[in-house]
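Student: Next comes the sequence, and after it the predicted model I'd like to discuss.
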Amino acid sequence: MKVAGTQRSQILASRIAYSLDTALLSIRYSRFPDSEHYLQTGPLDDQTVIVGSVTDSDSFVQLLLLIDACSDSENTLVLPYMGYARQDKQFKEGEPVSARAVAMALGRGVERVLSVQIHDSGVLVHFGIPAENLTPASEVARFLSTSGYSDPLILAPDEGAHAFAAAIAHEADWDHDFLVKTRISGEEVRMEPKNLPVSSRAVVIVDDIISTGGTLVTATRMLHAQGATEVHAICVHGIFTGGTYTALLNAGITDISASDTIESVYSRYSIAQSVAQAIEDADY
Ligand code: R5P
């Protein structure tokens, strides 16, 4: 078995390879003069764990090419972040179900899929092959425990994220709760005021994704108004579109942490061990 990472997922791929005590597939990435992607792998093994987050169109194409280059081996696709997963239904007439389109394309050429904290696990059916989703609650709880928080309140910014917040809180017997969010536009959300025991206490908001930061900005302002002294933000997938960091700091966020599903300066904990464990448990 070898582990192959796309260009943007090389660090995570190397950590997964290390946890599995297996080799990394060498891959050379470049582009043709007209900017089309090109890649060339070293010798394949009989099994390949392909690790590639879809963060944009380039990473999607690169992942498709890597899967094709590995077609002589039995492949497990680890999809740390699946872009387009949030368009998981046709909200308006004429729209694509983007999650289905992406899943159908990626599902060809691999035998199984392992996603991480996917927006809605319902989209896994579109891969048309065995697919499971990993929830890294233990990693987040471990990261929080080693970060020195004392009796934090683990807060989900909406009801959809509450199960994740509860799973994290359960690991260390912390309190947890959720806010009620209504999305007004791509960047703006409204939150119902809620009386929470936040006065003089560290609050940790946990979410699957931080994208524009709109959700966190609104939640943080509300929590500070209620007397919270520290508001920390932790997500699995740190997208951070333009201006997000500044907007979060200006709203009074104490610090921001994300996993390495999308590798960036915010990546402060890794999901590699859970992925390796899931692969070992499945005995691929
Ligand atoms: C929404 O359902 C997700 O769980 C996140 O809350 C959302 O994607 C965060 O986006 P933003 O940072 O743009 O508010």
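Tutor: Now that the structure is in, tell me what you want to look at.
Student: Test for you: state the pLDDT assigned to residue 67.
Tutor: Per-residue confidence (pLDDT) for residue 67: 98.
Student: And the one 4 residues further on, by the same measure?
Tutor: As predicted, residue 71 sits at a pLDDT of 97.
Student: try residue 182
Tutor: pLDDT for residue 182: 88.
Student: So it sits against residue 189, correct?
Tutor: Yes - look at residue 182 against residue 189 with C-beta atoms under 8 Å: they come within range, at 6.6 Å. In short, each C-beta sits where N, CA and C put it, glycine included.
Student: neighbour count winner among those two?
Tutor: More crowded of residue 182 and residue 189, by other C-beta atoms under 10 Å: residue 189, with 20 against 10.
Student: State the distance from that one to residue 252.
Tutor: Residue 189 sits 17 Å away from residue 252 when distances are taken as C-beta to C-beta, to the nearest Å.
Student: swap in residue 58?
Tutor: Applying C-beta to C-beta to residue 58 and residue 252 gives a distance of 35 Å.
Student: before we move on, what about residue 238?
Tutor: For residue 238 relative to residue 252 (C-beta to C-beta), the value is 19 Å.
Student: Out of these two, name the residue with the larger neighbour count.
Tutor: Neighbour totals were compared for residue 238 and residue 252, and residue 238 leads with 25 against 14 (other C-beta under 10 Å).
Student: Which pLDDT value belongs to the more buried one?
Tutor: 97.
Student: That one touches residue 210, doesn't it?
Tutor: Yes - using C-beta under 8 Å, residue 238 is in contact with residue 210, at 5.5 Å.
Student: what do those two both touch?
Tutor: Shared contacts of residue 238 and residue 210, defined by C-beta atoms under 8 Å, 6 or more residues apart in numbering, comprise 256, 258.
Student: And the contacts of stretch 234-243?
Tutor: 55, 80-81, 116-117, 136, 140, 143-144, 204-213, 256-259, 261-262, 264, 266-267, 271.
Student: if you set the cut-off to 7 Å instead, what comes out?
Tutor: 81, 116-117, 136, 140, 204, 206-212, 257-259, 261-262, 264, 266 (C-beta atoms under 7 Å, 6 or more residues apart in numbering).
Student: try stretch 171-186
Tutor: In contact with stretch 171-186 (C-beta under 7 Å, 6+ apart) are residues 137-138, 141, 145, 151-159, 161-162, 165-166, 169, 189-192, 194, 196, 212, 215, 219.
Student: again, but for stretch 45-60
Tutor: 1-6, 8-9, 12-13, 16, 25, 37, 63, 66-67, 70, 73-84, 102, 110, 261-262, 279, 284.
Student: Now the buried members of the residues you listed.
Tutor: By neighbour count, with 16 or more other C-beta atoms under 10 Å, these hold 1-6, 8-9, 12-13, 16, 25, 37, 63, 66-67, 70, 73, 75-84, 102, 110, 261-262, 279 as buried.
Student: Looking at those residues, which are in helices?
Tutor: Counting by DSSP state H, these place 12, 13, 16, 63, 66, 67, 102, 279 in helices.
Student: can you narrow these to ones near the ligand?
Tutor: Among these, no residue is within reach of the ligand (C-beta under 6 Å from any ligand atom).
Student: Closest one to the ligand out of those, please.
Tutor: Among those, residue 102 lies closest to the ligand (C-beta to the nearest ligand atom), at 16.7 Å.
Student: any idea of the pLDDT on that closest one?
Tutor: 98.
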